[in-house]
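[1] Pasted the sequence and its predicted model underneath.
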Amino acid sequence: MNKLAKDTGRVIFSNSLLKSVALLLLLTAAPLREAFRVAAFSNGDIWWHLRMGLWILQSHAIPRNGLFSQNLDSPWIDSSWGFELLLAAIYKLLGLRSISALLMFFKFALAAVTFLLAGGWRRNFWGAILLSAVAQYILFGLQPLPIFFSILFLGIALILLLQCRRQDDARYLYWLPLLFLLWANLDIQFVNGLLLLGLYLAAELTERLLYRFNCSFLSARGTSLGKSAAVAGLSLVATLITPYSFHLIPEIMETGYSHTQFKFFAEMAALRFREPQDFVLLLLVMATFLVLGLQRSRDFFKCALMIVTVMLAFRVQRDVWCVVLPAIAIIAGALPEGLSENELSKNSMAWRFEKPLALALSLVVILLAMIHIPSDELLLKRASRSLPIKACNFIRDNQLPGPLFNSYAWGGFLIWYLPEYPVSIDGRLNLYGNEANEQYFKLIDGTIRFEQNPSFARARTLLLQQDVGLAKALTTLPPLRQQFRVAYQDDMAVVLERQ
């Protein structure tokens, strides 16, 4: 008997050790990849977010106009000011390495949230590992931008809502107002969370009405609809507790879903199914609907959630995360839960500590990996492969005159690197407005005349990408070459000065 008990203990301990290693790999794989590849600088918007955060720290105020742009007098609502403040605070400690470090912790948090959402805390361990890995693969290209908070917070909100429905316990909902208070000050896409709450309330109301009419396929629910509605109301009020209060509401569509974005930005187009992740996403969605069908699910919330999020995700590539999170949660809900933790704890204490141990080791590994992130000088050298650092140095060293007309892709970087030169355009599309944005992109495409764009007409120095049609026209067509001289050019950028 003693030998049998020892052998059983060894098996359970080995199983727990294997799970700890698997969880450690799940939590650290993506952060370690970022530490060694440093892909956090590929999106130009991170730079203007950093500059705004530094301005907030320095001035102890919230931006309300077009700082660092030629639209200085135009009103502007900075919906992600909380993210920028956090980024700037980390930058003060770590320098440019803060951007990679932030992305590493974002990816660690995404792994943890998707693991919990996939049922890892309910003993669906290996299923949760697989589903979390699938979710991370689909979303692996995300950058350290405010939208990452929306992904994490939507996952947390889903965990709370699904747990409330599973246990008929409204106490899980009481965290939502605090969640939305933070969310509204970090990213404008808190509106997706409000949509989630709306679907939840609509499902609760529909199920209660059908139950009242004696629909036999529904059972009574213990959670009070009044409590759910009250929490939803408090959550809505919490989204108004920002420096901009109710003025943030009109900005939602302009910032997140403007006409210009749909017309000129690839990320706002529908899925094109040119990348492996697109097909994995399709299989994930198909598997989710198959699970609901096999279960003959009468859960109105899950069905409505999948229908709405599929429409969002397949319409706009940027929003694929909206369907990934509910999909893995629904699939996880159909997996068997296996042995209970109480049963395992009778034979081994390792089960109680494997998850905290893996979590602690993951944080240690990530902190150690941060040492591998290059210095600021090397990071700028790497960034110079895709950013016009040499051209910017030339403009600054030679004190070329303003105003400046710049390529859209570099506007955010110029705000950070050349704050003394107000930009003509950058990633803050809601600052410039649809008409000005559309004028700019039409000018770059050559579909309107130069004088129709005011910022181009008054610009004395131009910083353009070497391969855009406008730069080629200004440097090759004889009538235009008489108006502009090439002050500097390299393989990436061209600097033109008006004669």
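    Thanks, I have the structure now.

[2] Test my guess that Arg64 contacts Trp76.
    Yes. If you go by CB atoms under 8 Å, Arg64 and Trp76 touch, sitting 6.7 Å apart. No exception for glycine: its C-beta is placed from N, CA and C like everyone else's.

[3] more neighbours, the two?
    With neighbours defined as other CB atoms under 10 Å, Arg64 and Trp76 compare such that Trp76 has more, 18 against 13.

[4] The more buried one - nearest residue in space that isn't next to it in sequence?
    In this structure, Trp76 finds its nearest non-sequential neighbour in Leu431, 4.5 Å apart by CB to CB, 6 or more residues apart in numbering.

[5] which ones are touching that neighbour?
    Residues in contact with Leu431 (CB atoms under 8 Å, 6 or more residues apart in numbering) are Gly66, Ser69, Asn71, Ser74, Trp76.

[6] let's go with 10 Å and repeat that
    Contacts for Leu431 were tallied using CB atoms under 10 Å, 6 or more residues apart in numbering; they are 63, 65-67, 69, 71, 74-78, 254-255, 425, 437.

[7] Equivalent analysis for Val423, please.
    Contacts for Val423 (CB under 10 Å, 6+ apart) come out as 48, 66, 68-71, 403-408, 410-415, 455, 463.

[8] Swap in 7 Å and give it another go.
    Phe68, Ser69, Gln70, Leu404, Asn406, Gly411, Leu414, Ile415 (CB atoms under 7 Å, 6 or more residues apart in numbering).

[9] Nearest to Pro326 among those?
    Lowest distance from Pro326 to those (CB to CB) belongs to Gly411, with 35.0 Å.

[10] That closest one and Arg428 touch, don't they?
    No. The pair Gly411 / Arg428 is not scored as a contact, 8.4 Å apart, by CB atoms under 7 Å.

[11] if I look at the nearest residue to Glu438 once chain neighbours are set aside, how far off is Glu435?
    Closest residue in space to Glu438, ignoring its immediate chain neighbours: Thr260 at 5.6 Å, by CB to CB, 6+ apart. From Thr260 across to Glu435, the span is 9 Å (CB to CB, to the nearest Å).

[12] lowest-confidence helix or strand of the protein?
    Between all helices and strands in the chain, the lowest mean by mean pLDDT, DSSP states H and E belongs to helix 341-345, at a mean of 48.

[13] Got the confidence number for Arg428?
    The model reports Arg428 with a pLDDT of 91.

[14] got a list of what it touches?
    Here Arg428 is in contact with Trp48, Trp76 (CB under 7 Å, 6+ apart).

[15] when you give positions from now on, start the count at 266
    Sure, I'll start numbering at 266, so the last one becomes Arg693.

[16] Pop out the phi and psi values for it.
    phi -80, psi 70 (degrees, to the nearest 10).

[17] Ala724 versus that one, what's the distance?
    19 Å.

[18] do Leu337 as well
    From Leu337 to Ala724 the distance is 16 Å (CB to CB).

[19] So for these two, which residue has more residues nearby?
    Higher neighbour count among Leu337 and Ala724: Ala724, with 23 against 11, using other CB under 10 Å.

[20] So the residue lying closest to that one once chain neighbours are set aside: helix, strand or coil?
    Once flanking residues are discounted, Ala724 sits nearest to Phe670: 3.5 Å by CB to CB, 6+ apart. Under DSSP: H, G, I helix; E, B strand; the rest coil, the three-state class of Phe670 is strand.
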